[in-house]
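**Q** no FASTA, just this:
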């Protein structure tokens with residue numbers, strides 16, 4: 001499964017280039033003075049974008065890709081649909097990658113995360129939710145980079161590719177996709193907070209914070225190779 005993310009992203013870009021190239025070829029074949037380009041139905045275009053974003057948020061990547069492709073054909077001059085298409089392709093590749101991993105691979109629950117943290121594990125905590133979610137409440141010292149902007153802000157991550165990174169979102173889905181992307185980029189010590197901030201808040205509301213000491217701490221299952 002290695003490099004599937006890069007492969008799917010490349011295929012998405014090829015689709016983008018293909019749509020754009022077709023539009024350009026048509027423009028070159030017939031002078032603009034003779035036949036004006038048809039005006040896109042902007043209401044239909046915006047509706048398709050909204051539906052594609054909704055499918056993306058629900059992790060229905062196949063539907064998001066289909067809707068984004070339809071939107072791109074309707075209005076190839078705007079890049080918004082192409083961006084959604086690429087996100088959906090990456091999400092679909094990440095899902096495919098994760099289907100082949102054991103359930104607890106690269107995950108750590110709240111209790112053991114806090115126990116490790118209080119015992120000195122220097123986690124870089126990464127929140128990949130949207131801005132409004134982050135502002136409504138987040139884990140102390142978490143750095144906020146929305147999932148869709150992750151590859152644009154790698155400079156915010158630790159310089160060392162082996163530094164421990166804990167990724168979380170609301171439940172777990174977006175964080176898991178971020179984990180796959182980071183591991184494909186060479187970060188070797190990345191883990192997903194099991195259950196996301198929702199599970200974190202429930203656990204901290206009902207349990208005391210772990211104290212330093214020889215508490216047996218959970219070690220997430222590492223890579224198989």
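**A** Noted; the coordinates are in hand. The structure displayed is predicted, hence computed values, not measured ones.
**Q** now the strands for the protein?
**A** 107-108, 124-127, 143-144, 165-168, 190-193 (DSSP state E).
**Q** residue 80: which of the ones you listed is closest?
**A** The closest of those to residue 80 is strand 143-144. By CB to CB, the value is 22.7 Å. In short, each C-beta sits where N, CA and C put it, glycine included.
**Q** partners of the closest one, with directions?
**A** The strands beside strand 143-144 in its sheet (DSSP bridges) come out as strand 124-127 (parallel).
**Q** give the contact list for the residue nearest the centre of the chain.
**A** The chain has residue 147 as the residue nearest its centroid, 3.9 Å off, counting by CA atoms, centre = their mean. By CB atoms under 8 Å, 6 or more residues apart in numbering, residue 147 lies in contact with 128, 129, 169, 174, 177, 178.
**Q** now, which of the residues you listed sits nearest residue 66?
**A** residue 177 (19.3 Å).
**Q** what about the nearest residue to the closest one once chain neighbours are set aside, neighbour count?
**A** Distances taken as CB to CB, 6 or more residues apart in numbering put residue 94 closest to residue 177, at 4.3 Å, once the chain neighbours are dropped. Residue 94 has 25 neighbouring residues, counting by other CB atoms under 10 Å.
**Q** domain-wise, how is this structure divided?
**A** Using automatic domain parsing, the domains assigned to the chain come out as 4-98, 107-206.
**Q** for residue 212, find the nearest of these.
**A** When the domains of the chain are compared by CB to CB, domain 107-206 sits nearest residue 212, at 5.3 Å.
**Q** ends of the closest one, what's the gap?
**A** Its first and final residues considered, domain 107-206 spans 21 Å by CA to CA, to the nearest Å.
**Q** one step back: lowest average pLDDT across the domains of the chain?
**A** Confidence, taken as mean pLDDT, is least for domain 4-98 of those (a mean of 71).
**Q** separation between the residue nearest to residue 119 when sequence neighbours are not counted and residue 172?
**A** Counting by CB to CB, 6+ apart, residue 212 is the residue found nearest to residue 119 once chain neighbours are left out, at 5.6 Å. From residue 212 across to residue 172, the span is 28 Å (CB to CB, to the nearest Å).
**Q** with neighbour numbers in mind, choose between those two.
**A** Shown here are residue 212 and residue 172; by other CB under 10 Å, residue 172 has more neighbours (20 against 9).
**Q** residue contacts, the nearest residue to that one once chain neighbours are set aside?
**A** What sits nearest to residue 172 in space, not counting adjacent residues and going by CB to CB, 6+ apart, is residue 196, at 4.9 Å. Contact analysis of residue 196 by CB under 8 Å, 6+ apart lists 168, 169, 170, 171, 172, 175.
**Q** hmm, try it at 6 Å
**A** 168, 169, 170, 171, 172 (CB atoms under 6 Å, 6 or more residues apart in numbering).
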